[in-house]
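> missing the sequence, but the structure's below:
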Ligand SMILES: *Cc1c(COP(=O)(O)O)cnc(C)c1O
């Protein structure tokens, strides 16, 4: 008989996006004449920039020549891309780092990283949260039982981020070993300043904990005191793993390329207290289970770092940020309480009149034909909030905001 990993039985079905789709389909079947605007989109919509396409074409042609053909590449990524990352994403911030692992996605890396950690580590997540951090810890046995009445797992430490704390997570009262932080945040669109992030780095140093820092939205940062990398904080190399992705930065959600930084200074511990290099463990894990990102894809990613490439991707980000501003300013004028949208493509609004997230979803859909994402789908402390995204077209965004104001 073959037994299953019973941790999987603790996973909760996520009905969020399927329920959204179902409600939208039902409504449009009944009201075929209504034009529905979707501001729930969690994916980029603008096409890949010309500089990247040019590099990909060239790489494809190379692969068809005797001299240019490449088979398996290095599991950690080609030197040309790792070097471009080091120079542009870190050296320019004054950070000395070269421990880069190129991958096919930050989602996979955030999910796979749990491989190198003990099952008994105490895990902390912010709430609401990007569900990958939670579910991958459920699968690998770190969550304990699900408690339905609370919509929480027994062994997970939930750190609320709400209006009450201005979306600044407070240190947990009990000691935790693994801490997931994502800033600029999905879904709330909020950020931490360097001083606020330093509190977490100091906590991790003091408690020998580790921070898993997801900065997938780094490219959307517009304000000065918001760190682009956790390594801008002193001491972070000892305690933080950083995940970055070209998905939102350069529209690579379909091309698939990302990277993870695991500093050599970062030590983990055996039960008997011996130090082990996290970099070594992650390298071993990748070399065993991963065979690298396609050459063509890595050439595409390299092109983002050329002068022309940088300019072109900035234009797209500017476009999304402009949409974010339209949503934020429009809703504020209409009297909504709104968060995010300044260093992020996400706008997180407080649902008015004591409605639940889903009640507000229905109201927006039925009365003004605008679709967003109910905050409660991202965790219990998301209840009473609602997420809108800036990934639509400018015309649709303006129209949607006008409709919400008229609500
Ligand atoms: C979109 C997103 C990512 C990127 O994932 P990829 O697998 O690189 O596409 C990572 N983290 C968060 C929070 C995201 O929203």
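Noted; the coordinates are in hand. Because the structure is a prediction, the values reported are computed rather than measured.
> what does this structure put close to the ligand?
105-107, 130, 182, 186, 214, 216, 245, 247-248, 253, 258 (CB under 6 Å from any ligand atom). Yep, even glycine has a C-beta here, placed from its N, CA and C like the rest.
> residue 221 against residue 228, yeah?
Yes. Taking contacts as CB atoms under 8 Å, residue 221 lies within contact range of residue 228: 5.8 Å.
> next one: phi and psi at the residue in the chain that the ligand sits nearest to?
The chain approaches the ligand most closely through residue 105 (2.8 Å), counting by CB to the nearest ligand atom. Dihedral angles of residue 105 (phi, psi; degrees, to the nearest 10) stand at phi 160, psi 150.
> again with residue 276
The phi/psi pair for residue 276 (degrees, to the nearest 10) is phi -130, psi 140.
> next one: the spatially most distant residue from the centre of the chain from residue 298, what distance?
Centroid-distance maximum for the chain: residue 66 at 39.5 Å, with CA atoms, centre = their mean. Distance, residue 66 to residue 298, by CB to CB, to the nearest Å: 20 Å.
> same question for residue 126.
32 Å.
> now do the contacts for the closest residue to the residue of the chain closest to the ligand other than its chain neighbours.
Leaving aside its chain neighbours, residue 105 sits nearest to residue 258 (5.0 Å; criterion: CB to CB, 6 or more residues apart in numbering). Residue 258 makes contacts with 102-106, 108-109, 243-247, 252, as judged by CB atoms under 8 Å, 6 or more residues apart in numbering.
> list the beta-bridge partners for residue 258.
Under the criterion DSSP bridges, residue 258 forms beta bridges with residue 103, residue 245.
> name the nearest residue to residue 292, ignoring sequence neighbours.
residue 73 (4.4 Å).
> wait, that neighbour touches residue 298, no?
Yes. Using CB under 8 Å, residue 73 is in contact with residue 298, at 7.4 Å.
> can you give me the strands in the stretch 51-200 of the chain?
With strands called from DSSP state E, counting those that start in this stretch, the stretch 51-200 of the chain shows them at 100-103, 123-127, 146-147, 152-153, 156-160, 178-182.
> please dump the ones you listed into TSV; it should also carry mean neighbour count and mean pLDDT for every row.
As requested, the strands of the stretch 51-200 of the chain are exported to TSV (neighbours: other CB atoms under 10 Å; pLDDT from 0 to 100):
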stretch	mean neighbour count	mean pLDDT
strand 100-103	23	98
strand 123-127	24	98
strand 146-147	13	96
strand 152-153	20	96
strand 156-160	19	98
strand 178-182	24	98
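> how near is residue 174 to residue 122?
With CB to CB as the criterion, residue 174 and residue 122 are 7 Å apart.
> of these two, which one has the most company?
Regarding residue 174 and residue 122, a neighbour count based on other CB atoms under 10 Å identifies residue 122 as having more, with 16 against 7.
> hmm, back to that, so how far is residue 174 from the residue nearest to residue 105?
As judged by CB to CB, residue 258 and residue 174 stand 32 Å apart.
> confidence score at residue 17?
For residue 17, the pLDDT comes out at 89.
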